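**Student:** Take a look and give me a structure for this.
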Amino acid sequence: MITLPRAILISLAVFGDVVSALPLSKRQSWNFWFGSNDSTTRFYNRQSYYNSLSKLLKTKYIEKVVKGDRVIIRITPEGLKFLSVNLDLEKFSRKAWDKKWRVVIFDVSEKHRWRRDDLREKLRGLGFGMLQESVWISPFPIEDELTELFQTLHMRGQVLVSRSHILIGNQKEMARRVWHLDKTNGKYLRILNYWNNIPVKDRDKKRADKFRRNYLDIIIMDPFLPTELLPDRWAGDKAKSVYREEVKKILGS
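**Tutor:** Numbering: from 1, shown residues only. Presented below is the predicted three-dimensional model:
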């Protein structure tokens with residue numbers, strides 16, 4: 001799961017200046033930063049969004065600039081440096097897998113649809129993928145987070161959680177479908193082709209910055225699943241290697 005402050009920083013690094021400090025709704029907020037309405041997006045509430053902006057301003061990772069009647073928020077050099085240094089933190093690393101799946105099954109009535117939708121978005125935020133509309137799976141050991149979540153939502157009798165091994169079935173194929181890995185892998189391949197087609201002598205800061213912006217865009221959608229669940233020709237780790245060993249050096253970060 002990418003925290004909201006980190007998501008804001010990444011989006012600013014990707015998209016540049018932003019022309020509003022506080023969108024009016026959760027959906028408008030997400031679209032404002034990421035321009036996406038697909039089923040994999042996570043929505044954040046207004047207060048969390050506000051608090052995150054305030055926190056980032058205090059750390060000086062972002063800044064406000066007033067231009068006429070507009071307030072533009074942009075990432076600072078300190079914010080870019082923070083992202084460049086911290087992209088290799090534990091959240092963006094492949095972890096050893098215990099071979100177990102966490103499965104959440106819920107049955108929420110139509111009259112409580114808002115609660116059902118809220119649960120789905122929170123499960124997405126925890127890194128779960130949708131196997132079916134009311135069946136969600138994750139390979140990550142996040143039992144404590146689930147316990148806290150369901151206590152907060154007061155959904156006793158409406159949710160079942162299990163932890164189990166898969167006895168029959170192709171787990172890689174299931175992960176590929178649930179987390180839309182072909183789409184993510186294709187994006188990684190495109191930025192690698194972009195970089196490989198640039199002669200070494202022409203790999204300057206402008207081109208390196210373009211690679212970085214595209215790379216940061218992709219890791220937003222990368223679920224960072226354990227290696228055992230990734231397609232055989234997964235390009236994400238190669239893209240990370242290029243970013244660490246070549247792009248960061250050119251950018252001086």
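
**Student:** give me the low-pLDDT residue ranges for this structure?
**Tutor:** Confidence mapping of the chain against pLDDT under 70 gives the ranges 1-4, 11, 13-47, 84-95, 110, 155-156, 253.

**Student:** just so I have it, where are all the helices in it?
**Tutor:** Remark: helices assigned in the chain by DSSP state H are 4-15, 26-34, 46-59, 77-86, 113-125, 143-153, 171-178, 181-196, 205-221, 236-242, 248-251.

**Student:** Next, count neighbours for the residue nearest to residue 62 when sequence neighbours are not counted.
**Tutor:** Once flanking residues are discounted, residue 62 sits nearest to residue 56: 4.5 Å by CB to CB, 6 or more residues apart in numbering. C-beta here means a position set from N, CA and C on the backbone, and glycine is covered the same way. By the other CB atoms under 10 Å criterion, the neighbourhood of residue 56 contains 23 residues.

**Student:** these two touch, right, residue 56 and residue 82?
**Tutor:** No: applying CB atoms under 8 Å as the test, residue 56 and residue 82 come out as separate, 9.9 Å apart.

**Student:** between these two, what contacts are shared?
**Tutor:** Counting by CB atoms under 8 Å, 6 or more residues apart in numbering, the shared contacts of residue 56 and residue 82 are residue 9.

**Student:** Residue ranges of each domain in the chain, please.
**Tutor:** The chain is divided into the following domains under automatic domain parsing: 4-86, 101-164, 174-251.

**Student:** Check which residues of stretch 167-177 are buried.
**Tutor:** Burial within stretch 167-177, assessed by neighbour count using 16 or more other CB atoms under 10 Å, is assigned to 174-176.

**Student:** Contact partners for residue 194?
**Tutor:** Shown here is residue 194, whose contacts under the criterion CB under 8 Å, 6+ apart are 210-211, 214.

**Student:** Please report how far the most centrally placed residue in the chain lies from residue 9.
**Tutor:** Averaging the C-alpha coordinates of the chain gives a centre point, and the residue nearest to it by CA atoms, centre = their mean is residue 220 (3.3 Å). The span separating residue 220 from residue 9 equals 11 Å under the rule CB to CB, to the nearest Å.

**Student:** what does residue 104 give?
**Tutor:** With distances defined as CB to CB, the gap from residue 104 to residue 9 amounts to 29 Å.

**Student:** do residue 109 as well
**Tutor:** 39 Å.

**Student:** the more surrounded of these two?
**Tutor:** Under the criterion of other CB under 10 Å, the comparison of residue 109 against residue 9 puts residue 9 first, with 25 against 9.

**Student:** Quick check, that one in contact with residue 56.
**Tutor:** Yes: under the criterion of CB under 8 Å, residue 9 makes contact with residue 56 at 6.9 Å.

**Student:** List the residues that are in contact with both of those two.
**Tutor:** Residues touching both residue 9 and residue 56 by CB under 8 Å, 6+ apart: 62, 79.

**Student:** Next, the contact list for residue 141, please.
**Tutor:** Residues in contact with residue 141, defined by CB under 8 Å, 6+ apart, are 98, 100, 102.

**Student:** What's the PyMOL line that selects buried ones from those residues?
**Tutor:** Of the contacts of residue 141, the buried ones can be selected in PyMOL as follows, counting by 16+ other CB under 10 Å:
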select buried, resi 102
